[in-house]
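Colleague: give the three-dimensional model of this entry:
(chains A and B)
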Amino acid sequence: MNIKELLQDAIGQAAQDAMTDGVFCLPVLPPVMLEIPPQKEYGDYATNFAMQMARGAKTNPRKIAEAIVERLQFPWMERAEIAGPGFINFYLKPDWLYAMLSDIIAAGECFGQTDAGQGEKVQVEFVSANPTGPLHVGHGRGAAVGSALANLLQMAGYDVEKEYYINDAGNQMDNLALSVNARYLELLGIESDFPEDGYHGQDIIVTAQRIIAQAGDEYLKISQQERLDVFRELARQEKLSILREDLEAFGVTFDIWFSEKCLHENGEIAKTCKALQNNGFIYEQDGALWLKSTAYGDDKDRVVIRDNGVPTYLAADIAYHHDKFKRGFQKVINIWGADHHGYICRVKAAVSALGYNSDDLEVLILQMVNLFQGGEVVKMSKRTGQGVTLAELIEEVGCDAARFFFIMRSIDSQLDFDMDLAKSRSNDNPVYYIQYAYARIASVFRQLEEIDVSVDRKNAVNMELLTTSYELDLIKKMGEFPDEVASAAQERAPHRIARYAHELAGLFHSFYNQCRVIGVDPELQTARIALITAVQITIRQTLKILGVSAPEKM
RNA sequence: GCGCUUGUAGCUCAGGGGAUAGAGCAACGGACUUCUAAUCCGUUGGCCGUAGGUUCGAUUCCUACCAAGCGCACCA
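Modeller: Sure thing, here's the model as predicted:
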C-alpha cells in the first residue's frame, strides 16, 4: 500500500470532477505534489496543488481548494482543511498507520524496495584510482558514496552495475616501472637516479623488496627495457590486488574491473577515433589528431592522438565511454573528484559526437575531504609523512564510522572529517547513535526470548493499542522510507539516507525512553513488539544502503 | 582572466518558489532501584555572504559583486 499515491490519485480525481462541474478550466492538470507539512498542526500531508493551478486557471486558489475538498473521496480521510494562501492540509485516520505497520513487517528484508527506477540499466563507475599506489582518503569518499549510491539505486528498482576503470596505461605506469626499477637497483646497492616524476612512497620500496625476495638480482641479467616491462606488470598486479583488498575491507566490491590497457591493445581506441574522423569530429592539425569538442561548448579542441602517434588519456576515455554505451546502459554515472571537473565538458562532447545523448552520462563531482584531529587539519600520515591512506583511516576510526562520515554530507559540500568524533563512542557520534538504536531492539528481543515471549505472533496483533505520539510518529516516519529511497535515488543523493536513518533512530530513542515494551499489558506488549520489529527492519535497510553494520550488541 | 562547487545558529551541516527556516554538536538546566544513560526531556542561539531583478510570494530562481575550495596540458 502506498498511501501517498492513493491520496494523490484521489486528489487528482477530485480536481477532474471539479473541472467537469465547471468550477475552473485547465487544459492539463499539474502533477499533485504531496508533502509532509513542516508542522504537525498542518496535518499528515499537505499540497499546494490548488495554488499551482490558480496560475493557469486564473481563479482564486482557495476557491479551487474548496472545490477539491468538497469532491474528495478517500477512505482514510478524517478531514481536509484549507489553510494560508491555498494549501490543503489532510488529516488522516490513524488506521492507515496500522495498515502501514503490518505492511512493513510483511515486507521484511524487502521493505523500501520499489520499482521507481523501472529496471533502468545504470552503470556506476567510481574510485578508478590509478594502480600506482595506495588509496587515500579522497578515494575513500568516492568508494563509500559510490557503493552507497549503487545500493540505493538497486533498492529503488534500477538495474545497477558497479565498475572500476583501471588506468593501467600511459605515462604513470611507465613512471611506476621506473620508480620500482630505481628502488630495485638501490636495494641491490647499485647507484641510480630516481625518476623526476616518480612515486616516492614507501610502498614502492616494499614492492622492490618483494621482487628481490622472490627473484633476487635475477633481473639484472636482462636489459633495462625488458626489466621495466617486467616490473611494470609485476607492480600493476600487486597494486591492483592491494586496491582490491583495501576496497573489500571497506565493504566495496565491483562487478567489473575494466582495463584501459585493453582499449589500447584491442584497437578500440583506434577504431573509435576512426569513426569520429569519419563523421568529422576529429581532424588533423600540427601532426596531431584533435577532437572538435568546441562544437559542444568546450573552450578549445582537445588532442586525442599526439604528434608522436601516442593516444592521450582522453582518447582512451572516449573509447571507454563508447564501450559503456555500446553495452546498453541507459544511464552512465561517473563519480569523479572535484579536481577532474574541468574534464566533464570534453567527455560529454565526445559522447555527443559519438551520437549518444550526453545527458545520459551523469558526472557526479565529489568535493574534497579534509581530515581533522584535535581541531587541526591532518594533511600527512604521522607514520609515513605522506597523505593519509584509506587503510590508515579505517584502522583509526573503523569501517562503519568512516563509511558513514563519508556518506553523510551532500557530495557538493567539502567534507570536514572529524576523526575525534568518528572515533568517539558517545552520543555525539551519529553512527553509534543509529547502531545503538538497532542494538537496543535486539537486546529487547533477547530478553523477550529469555522469558519465553514469542516474537512472531504478528497475526494476532491489536495495533490500535499504539496510540502515543511516540509510537505514531515512528510509524509515520517508517512509512516515508520507500519514498525517501526512491527520491534519494533519483537525486543520486545517498546522504539523504544517512540523515533519514539518524532521524528514525532519534524517534526510536524517544519512544524507548518513554514507553516500555517488556512487562506492559500483554496485548500492548505484542503491539509494541510489532512496532519495534518494524523499526529494526527499517534501520537495517538504511544501514544496508549505507554499507554500515547492524550490531546485535554494543 | 575563464569555468565548476560552496557561503544558512558559536561549530559541522540539512532544506531548496510558499505557512513561524531545521538537525547534530557546543552552552545552560533536568531524568538512571525500571527493556543498554553509547539514551531521553527542556532552554538559549538566525539581516539564509552583499546588492539588484523575476514573482501574488525568494533563504530557494536569474544577474552582478565579495569570500573559500578546486580546475584551466600533445599529464592522468
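Colleague: pLDDT below threshold where in the stretch 351-500 of chain A?
Modeller: Applying pLDDT under 70 to the stretch 351-500 of chain A flags the ranges A:455-460.
Colleague: what residues does it put near RNA strand B?
Modeller: Listed as neighbours of RNA strand B in the stretch 351-500 of chain A under the rule C-beta under 7 Å from any atom of the strand: A:365, A:367-368, A:409-410, A:412-416, A:418, A:425-430, A:432-433, A:436, A:439-440, A:442-444, A:447, A:493, A:495-496, A:499. Yep, even glycine has a C-beta here, placed from its N, CA and C like the rest.
Colleague: one more time with 6 Å, if that's ok
Modeller: By the rule C-beta under 6 Å from any atom of the strand, the part of the stretch 351-500 of chain A lying against RNA strand B is A:365, A:367-368, A:409-410, A:412-416, A:425-428, A:432-433, A:436, A:439-440, A:443-444, A:447, A:493, A:496, A:499.
Colleague: list buried residues within those residues.
Modeller: Among those, those buried by neighbour count (16 or more other C-beta atoms under 10 Å) are A:367, A:409, A:415, A:432-433, A:436, A:439-440, A:444, A:493, A:496, A:499.
Colleague: of all the residues you listed, which two lie farthest apart?
Modeller: Using C-beta to C-beta, these span at most 40.5 Å, a distance reached by A:Q367 and A:V444.
Colleague: tally of neighbours for A:R62?
Modeller: For A:R62, the count of nearby residues is 18 (other C-beta atoms under 10 Å).
Colleague: flag every buried residue along the host helix or strand of it.
Modeller: Under the criterion of DSSP states H and E, A:R62 resides in helix A:61-71. Neighbour counts over helix A:61-71 (16+ other C-beta under 10 Å) mark A:61-69, A:71 as buried.
Colleague: out of those residues, the closest to RNA strand B would be?
Modeller: Nearest to RNA strand B among the buried residues of helix A:61-71 is A:P61, at 7.3 Å by C-beta to the nearest atom of the strand.
Colleague: kindly provide the distance from that closest one to A:R232.
Modeller: According to C-beta to C-beta, to the nearest Å, A:P61 stands 69 Å off from A:R232.
Colleague: ditto for A:M554
Modeller: Separation of A:M554 from A:R232 (C-beta to C-beta): 47 Å.
Colleague: more neighbours, the two?
Modeller: Counted by other C-beta under 10 Å, A:M554 and A:R232 do not tie: A:R232 has more neighbours, with 19 against 12.
Colleague: phi, psi of the closest residue to the more buried one other than its chain neighbours?
Modeller: If the residues on either side of it in the chain are set aside, A:R232 comes closest to A:A177, at 3.7 Å by C-beta to C-beta, 6 or more residues apart in numbering. Main-chain dihedrals, A:A177, degrees, to the nearest 10: phi -60, psi -40.
Colleague: ok, A:A177 - contacts?
Modeller: Residues in contact with A:A177 (C-beta atoms under 8 Å, 6 or more residues apart in numbering) are A:228-229, A:231-232, A:235.
Colleague: and those, which two are furthest apart?
Modeller: Pairwise distances across these peak at 11.1 Å for A:D229 and A:A235 (criterion: C-beta to C-beta).
Colleague: who has more neighbours, the two?
Modeller: Comparing A:D229 with A:A235 by neighbour count (other C-beta under 10 Å), the higher total belongs to A:A235, at 26 against 13.
Colleague: hmm, the more buried one is touching A:L176, no?
Modeller: Yes. With contact defined as C-beta atoms under 8 Å, A:A235 reaches A:L176; the gap is 5.2 Å.
Colleague: any residues in contact with both of these two?
Modeller: Residues touching both A:A235 and A:L176 by C-beta under 8 Å, 6+ apart: A:T132.
Colleague: where do the helices sit along the stretch 201-350 of chain A?
Modeller: A:202-215, A:224-249, A:260-265, A:268-278, A:313-326, A:344-353 (DSSP state H, counting those that start in this stretch).
Colleague: from the chain's centroid, how far away is the fifth one?
Modeller: Taking the mean of its C-alpha atoms, helix A:313-326 sits 23 Å from the chain's own mean (C-alpha atoms, centre = their mean, to the nearest Å).
Colleague: between helix A:344-353 and it, find me the angle.
Modeller: Calculated by axes from the mean of the first three to the mean of the last three C-alpha atoms, to 10 degrees, helix A:313-326 forms an angle of 50 degrees with helix A:344-353.
Colleague: ok, the residue of chain A found nearest RNA strand B to A:G506 distance?
Modeller: When distances are taken as C-beta to the nearest atom of the strand, chain A reaches nearest to RNA strand B at A:N427, 1.6 Å away. Using C-beta to C-beta, A:N427 is found at 11 Å from A:G506.
Colleague: likewise for A:A57?
Modeller: 42 Å.
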